[in-house]
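A.B. asks: 3D, please:
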Amino acid sequence: MLHVEVMLMDKKEKKRLEVLQQKIAKLQQLLAGAKKQPDDPAEVPRLEKELAAAHAELAALKKS
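C.D. replies: Predicted coordinates:
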């Protein structure tokens with residue numbers, strides 16, 4: 001079904017979807033690293049918040 005949804009998006013929406021997926025992957029890697037080596041105690045909650053926001057935007061984009 002995702003494939004059908006992607007086909008119905010315009011170029012700008014497709015690009016935003018790709019950028020969000022890349023951002024989510026990067027944030028997940030950063031979060032894993034921050035959890036393994038907690039140098040800054042504020043970093044993990046910040047990354048979790050950014051990751052949640054990116055997931056929410058991705059979900060909203062897929063719904064539209």
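
A.B. asks: tell me which residues of the helix or strand encompassing Gly33 are tucked away?
C.D. replies: Using DSSP states H and E, Gly33 sits in helix 11-36. Neighbour-count burial for helix 11-36 flags 17, 20, 23-24, 27, 30-31, 34 (criterion: 16 or more other CB atoms under 10 Å). All C-beta spots, glycine's among them, are computed from the backbone N, C-alpha and C.

A.B. asks: Kindly report the same for stretch 37-46.
C.D. replies: For stretch 37-46, a neighbour-count test (16+ other CB under 10 Å) marks Glu43 as buried.

A.B. asks: Residues contacting that stretch, please?
C.D. replies: Identification of contacts with stretch 37-46 by CB atoms under 8 Å, 6 or more residues apart in numbering yields 31, 34-35.

A.B. asks: For Lys49, state which of these is nearest.
C.D. replies: Leu31 (10.5 Å; CB to CB).

A.B. asks: and the residue of the chain most remote from its centre, which of the three is it?
C.D. replies: Here the chain reaches farthest from its C-alpha mean at Asp39, the gap being 23.2 Å by CA atoms, centre = their mean. Put simply, Asp39 is coil when judged by DSSP: H, G, I helix; E, B strand; the rest coil.

A.B. asks: and which of the contacts of stretch 37-46 is nearest to Ala52?
C.D. replies: For those, the nearest to Ala52 is Leu31 (10.8 Å; CB to CB).
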